[in-house]
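Undergrad: got a predicted model here, sequence first, then my questions.
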Amino acid sequence: MQFNSFYFLCFAPVVILLYYAVKDTWKNAYLLLVSLLFYSIFGLPSFIVLCAIILMTYVFAGLLAKTRSKPVFLAGVILLAVLLSSIRFMDRTNNAWFGMTMPFALFVPIGFSFFTLNAIGYLSDLYTGKLEEPLRLIETGVFLSFFPVVTSGPILRAGAFAQELRKPKESLSYERIRRAFLWILWGYFMKLVIAERCALVTGTVYGDESFHGLPVILAIILYSIQIYADFAGYSLIAKGLAYGMDITVPDNFHQPYLSSSVKEFWRRWHISLSTWLKDYVYIPLGGSRKGKFNTYRNLMITFLVSGFWHGTGLTFLVWGALHGIFQILEGLIFKTKTENMPFSTRLFRTVLTFALVSIAWVFFRSYGVREALGILFRAVRPGQAGILFTERLYTMGMDARNLRIFLIAMILLVCVDVWQYRYGDLMEKFLFQHIVLRILIVWVILFFVILSVNLSGTEFIYMQF
């Protein structure tokens with residue numbers, strides 16, 4: 001059941017309203033029931049895998065709580081890592097090497113990578129003492145299957161999520177529903193109005209070798225926008241759904257494309273994954289404590305792990321390696337801290353960071369390294385700049401009507417992101433405005449979303465991971 005489907009739009013409000021009708025002592029059991037029901041729609045094999053991971057995590061957590069045994073901890077983590085690796089190598093769609101697809105056709109459970117990382121982080125926190133008590137069985141089930149985040153995150157931390165499940169429950173209020181609705185609406189705006197229109201162009205230009213030069217550069221830029229609007233949109237919808245049930249999940253994006261370095265980009269992009277990798281991979285490897293060589297080595301290993309987490313295809317490993325290399329080069333070349341830079345330098349580095357990240361996204365999107373290199377070579381091949389200024393522009397996948405809607409939506413997105421980058425969360429400022437202005441803005445955004453419903457045929461990008 002996709003977030004952008006009619007069935008989910010019927011499912012979610014009913015679940016939230018019934019949540020407040022259930023007694024507090026049964027709320028967690030209710031969340032587990034509806035989360036498993038939601039996940040079961042993706043198929044019986046996936047449902048069985050999720051239930052097995054829940055039970056296995058519960059058993060290992062119980063053993064760790066009693067013994068704090070390193071062999072038990074390693075056994076649990078290795079078993080989860082082996083399962084993740086096995087699924088990755090059996091994933092046909094992510095197993096493209098130099099354009100060749102491996103002959104596996106086994107299923108890949110939706111969101112498997114996300115709830116597996118949740119489980120590994122949970123066992124690690126128990127073993128290291130960051131979490132003193134294990135979760136109860138029902139809490140473990142909700143932690144690993146919570147329907148707003150199970151398919152695409154954000155990645156949760158067991159201790160913080162347990163506090164959300166155990167805290168006194170507030171009653172349903174207009175203020176809570178209003179904030180939840182605004183987050184969800186903006187999430188759908190990013191997905192349907194922006195990401196889906198970017199997909200029209202990237203799908204056309206990437207797949208047609210007759211395009212080269214400026215149209216390909218534009219498609220590369222639009223894919224960067226597409227994956228941001230798609231994934232950040234999902235994360236906002238998940239945040240709004242959880243908040244509607246008085247549960248807070250971590251923010252996953254803080255205006256990443258306004259970063260003036262790749263290092264800053266990773267503090268703002270997919271924050272729950274980057275902090276997970278920092279806490280459970282980079283720091284255990286030694287972090288930056290043992291000199292520059294070891295720091296750069298640990299950085300490369302961490303980003304290669306990040307690439308592998310996304311898929312075993314060589315394109316994902318190249319994507320991860322590029323981000324590691326970019327950060328190493330930044331450390332060697334740029335010595336001035338970003339807060340001390342003049343505006344012109346910051347602007348240059350922001351554009352450069354966006355360019356580097358966009359080049360890496362070409363490998364992330366492509367099915368093989370050969371295809372990715374072909375797209376990059378087509379991008380630097382001169383010619384076809386005139387397409388953008390004639391009727392041929394509409395052969396790139398977006399007609400005149402969709403282009404006008406997209407440009408208006410992008411102006412709005414840029415304004416919102418720049419505001420939040422400079423001044424923080426816009427929600428409080430928006431809610432302080434006069435009711436007439438608030439209603440007008442909400443109806444304009446809702447109007448654009450409704451206009452874009454016919455474009456909602458694709459799943460969220462990160463559901464494949």
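TA: Thanks, I have the structure now.
Undergrad: biggest helix in the protein, by residue count?
TA: Looking across the chain with DSSP state H, the single longest helix is helix 214-244.
Undergrad: list the buried residues for that helix?
TA: Across helix 214-244, burial judged by 16 or more other CB atoms under 10 Å covers 214-244. For glycine as for every other residue, the C-beta is placed from the backbone atoms N, C-alpha and C.
Undergrad: and if you look at stretch 161-170?
TA: If you call a residue buried by 16+ other CB under 10 Å, then stretch 161-170 has these buried ones: 161-162, 164-165, 169.
Undergrad: just the residues you listed now: which is nearest residue 265?
TA: Among these, residue 161 lies closest to residue 265 (CB to CB), at 26.4 Å.
Undergrad: for residue 120, see how far away that closest one is.
TA: Distance, residue 161 to residue 120, using CB to CB, to the nearest Å: 15 Å.
Undergrad: repeat that for residue 226.
TA: Separation of residue 226 from residue 120 (CB to CB) stands at 30 Å.
Undergrad: kindly report the same for residue 359.
TA: According to CB to CB, residue 359 and residue 120 sit 31 Å apart.
Undergrad: compare these two and say which is more crowded by neighbours.
TA: Neighbour count, other CB atoms under 10 Å: between residue 359 and residue 120, residue 120 has more, with 21 against 18.
Undergrad: what is the helix or strand containing that one packed up against?
TA: Using DSSP states H and E, residue 120 sits in helix 112-128. When contacts are defined as 3 or more CB pairs under 8 Å, 6 or more residues apart in numbering; DSSP states H and E, helix 112-128 sits against helix 44-67, helix 70-89, helix 137-145, helix 158-166, helix 271-277, helix 291-310.
Undergrad: contacting residues around stretch 121-130?
TA: 57, 60-61, 64-65, 68, 70, 73, 76-77, 80, 131, 134-135, 143, 155, 157-159, 276, 279-280 (CB atoms under 8 Å, 6 or more residues apart in numbering).
Undergrad: swap in stretch 255-264?
TA: Taking CB under 8 Å, 6+ apart as the rule, stretch 255-264 contacts 224, 228, 265, 267-269, 323, 326-327, 330, 334, 338, 341, 346, 349-350, 353-354, 356-357, 417-418, 420-421.
Undergrad: then stretch 382-391?
TA: Residues outside stretch 382-391 that contact it (CB under 8 Å, 6+ apart) are 211-215, 218, 392-393, 395-396.
Undergrad: hmm, try it at 7 Å
TA: 211-215, 393 (CB atoms under 7 Å, 6 or more residues apart in numbering).
Undergrad: what is the lowest-pLDDT residue among these?
TA: Among the contacts of stretch 382-391, residue 393 carries the lowest pLDDT, at 80.
Undergrad: how many neighbours does that one have?
TA: As a burial measure, residue 393 scores 18 neighbours (other CB under 10 Å).
Undergrad: against residue 214, how distant is it?
TA: 11 Å.
Undergrad: related to what we said a few turns ago, mind picking the two most distant members of the contacts of stretch 382-391?
TA: Using CB to CB, the contacts of stretch 382-391 reach their maximum pairwise distance at 212 and 393, which is 15.2 Å.
Undergrad: now for the nearest residue to residue 287 once chain neighbours are set aside, how many residues are close by?
TA: The shortest distance from residue 287 to any non-neighbouring residue, by CB to CB, 6 or more residues apart in numbering, is to residue 298 (6.3 Å). For residue 298, the tally of surrounding residues (other CB under 10 Å) stands at 21.
Undergrad: again, but for the one 4 residues further on
TA: Burial measure for residue 302: 24 neighbouring residues, criterion other CB under 10 Å.
Undergrad: please name the residues that touch residue 66.
TA: Counting by CB under 7 Å, 6+ apart, residue 66 has no contacts.
Undergrad: tell me the spacing between it and residue 134.
TA: 9 Å.
Undergrad: give me the number of residues near the closest residue in space to residue 334 that isn't next to it in sequence?
TA: Once flanking residues are discounted, residue 334 sits nearest to residue 261: 7.0 Å by CB to CB, 6+ apart. Residue 261 sits with 21 neighbouring residues when counted by other CB under 10 Å.
Undergrad: kindly report the same for the one 3 residues further on.
TA: Residue 264 is flanked by 18 other residues according to other CB under 10 Å.
Undergrad: tell me which residues in the host helix or strand of it are buried?
TA: Assigned by DSSP H and E, residue 264 falls within helix 262-268. Within helix 262-268, the residues that count as buried by 16+ other CB under 10 Å are 262-266, 268.
Undergrad: can you check stretch 350-357 too?
TA: By 16+ other CB under 10 Å, the buried positions in stretch 350-357 come out as 350, 352-354, 356-357.
Undergrad: adding distance to residue 461, write the residues you listed out as TSV.
TA: TSV is the format used below for the buried residues of stretch 350-357 (distance: CB to CB, whole Å):
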residue	distance to residue 461
350	24
352	25
353	21
354	18
356	20
357	15
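Undergrad: closest to residue 193 out of the residues you listed?
TA: Residue 193 has its nearest neighbour among these in residue 354, at 21.1 Å by CB to CB.
Undergrad: how close does the closest one get to residue 344?
TA: Counting by CB to CB, the gap from residue 354 to residue 344 is 16 Å.
Undergrad: lowest-confidence entry in the buried residues of stretch 161-170?
TA: Taking pLDDT as the measure, the buried residues of stretch 161-170 have their low point at residue 169 (85).
Undergrad: on the three-state scheme, it is what?
TA: coil (DSSP: H, G, I helix; E, B strand; the rest coil).
Undergrad: grab the nearest non-local neighbour of it.
TA: Going by CB to CB, 6+ apart, residue 169 has residue 24 as its nearest residue, at 5.0 Å.
Undergrad: what's the neighbour count on the one you found?
TA: So residue 24, with other CB under 10 Å, has 8 neighbours.
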